[in-house]
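[1] I'd like to go over a predicted model; first the sequence, then the structure.
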Amino acid sequence: MSLTNQIRNSRRSSEGLPFELSLQSSASNQKALRTDDESTTKEFNADVSKWTREQSASLRSSVGQKIKRNISLSQSIKGKVYRKNKEAQRIGFSFLREGIYMHKGAGRGQGGLIGGSWIDPHGRRKKRAPESAGKMATGNRQENNWFDAVMDQKLPQLADIVGNYSAALQVDATKLYIGQ
């Protein structure tokens with residue numbers, strides 16, 4: 001397997017994006033009624049797409065303000081709206097792995113309790129050093145809440161967009177936050 005494919009596969013998850021919002025319906029028969037009204041569905045999709053773009057911009061701004069050494073994290077932040085049967089169903093956010101480290105206060109010599117593995121730029125699998133276990137968010141690396149705080153501020157706007165579109169839809173943010 002080529003190095004590029006190894007890196008791509010190491011970042012993929014079988015459950016979807018690591019940070020996502022789901023828009024779930026409490027009544028399955030309502031979906032057909034909602035998608036029949038094409039103009040309302042298009043307006044809803046446009047509002048959700050606009051919210052996602054604004055959220056991505058807010059996250060980039062948050063990184064610019066809170067992270068001193070922002071080399072490529074802010075440029076890597078991407079938001080995407082996933083549609084199923086013409087209706088927005090999920091919103092996902094992706095960014096470089098370093099965003100997680102900065103958010104949680106992890107880094108070389110300061111890992112978490114569980115540990116992890118990754119593929120370095122040379123294609124070698126690396127693991128957390130045993131001596132760094134449990135030292136995350138200590139010493140010179142502190143937690144930097146650049147993601148969750150922005151999401152907390154903006155989720156009510158998305159809830160209003162979803163509520164105006166359909167009372168049967170609800171926002172599921174269980175897989176959204178980093179600090180869980």
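    Perfect, thanks for sending it.
[2] C-alpha from now on. contacts and neighbour counts both.
    OK.
[3] could you pull out the helices for this protein?
    3-11, 28-36, 38-66, 73-76, 98-104, 148-165 (DSSP state H).
[4] flag the shaky bits of the protein, pLDDT-wise.
    Counting by pLDDT under 70, the chain has low-confidence residues at 1-21, 25-36, 103-115, 118, 131-143, 177-180.
[5] break it down into its domains, please.
    Taking automatic domain parsing as the reference, the chain has its domains at 3-104+145-172, 106-142.
[6] any figure for the gap between residue 58 and residue 87?
    Using Cα to Cα, to the nearest Å, residue 58 is found at 24 Å from residue 87.
[7] shouldn't residue 95 be in contact with residue 80?
    No - applying Cα atoms under 8 Å as the test, residue 95 and residue 80 come out as separate, 11.6 Å apart.
[8] can you give me the neighbour number for residue 52?
    21 (other Cα atoms under 10 Å).
[9] which residues touch it?
    Residues in contact with residue 52 (Cα atoms under 8 Å, 6 or more residues apart in numbering) are 79-81, 91.
[10] mind running it again at 6 Å?
    Each residue near residue 52 by Cα atoms under 6 Å, 6 or more residues apart in numbering is listed here: residue 79.
[11] distance of residue 55 from residue 99?
    16 Å.
[12] ugh, typo on my part, it should be residue 126
    Counting by Cα to Cα, the gap from residue 126 to residue 99 is 18 Å.
[13] just residue 81 next, same as before
    From residue 81 to residue 99 the distance is 21 Å (Cα to Cα).
[14] what of residue 39?
    In terms of Cα to Cα, residue 39 sits 38 Å off from residue 99.
[15] between these two, which is the more surrounded one?
    More crowded of residue 39 and residue 99, by other Cα under 10 Å: residue 99, with 23 against 10.
[16] the residue nearest to the more buried one when sequence neighbours are not counted: neighbouring residues, count only.
    In this structure, residue 99 finds its nearest non-sequential neighbour in residue 73, 6.5 Å apart by Cα to Cα, 6 or more residues apart in numbering. Neighbour count of residue 73, defined by other Cα under 10 Å: 18.
[17] cool, the one 3 residues further on as well?
    Other residues near residue 76 come to 14 when the count uses other Cα under 10 Å.
[18] check residue 170 too.
    So residue 170, with other Cα under 10 Å, has 15 neighbours.
[19] go on, residue 68?
    Residue 68: 8 neighbours (other Cα under 10 Å).
[20] report the contact partners of it.
    Going by Cα under 6 Å, 6+ apart, the list of residues near residue 68 is empty.
[21] please report how far it lies from residue 59.
    Residue 68 is 15 Å from residue 59, by Cα to Cα.
[22] fine by me, thanks again.
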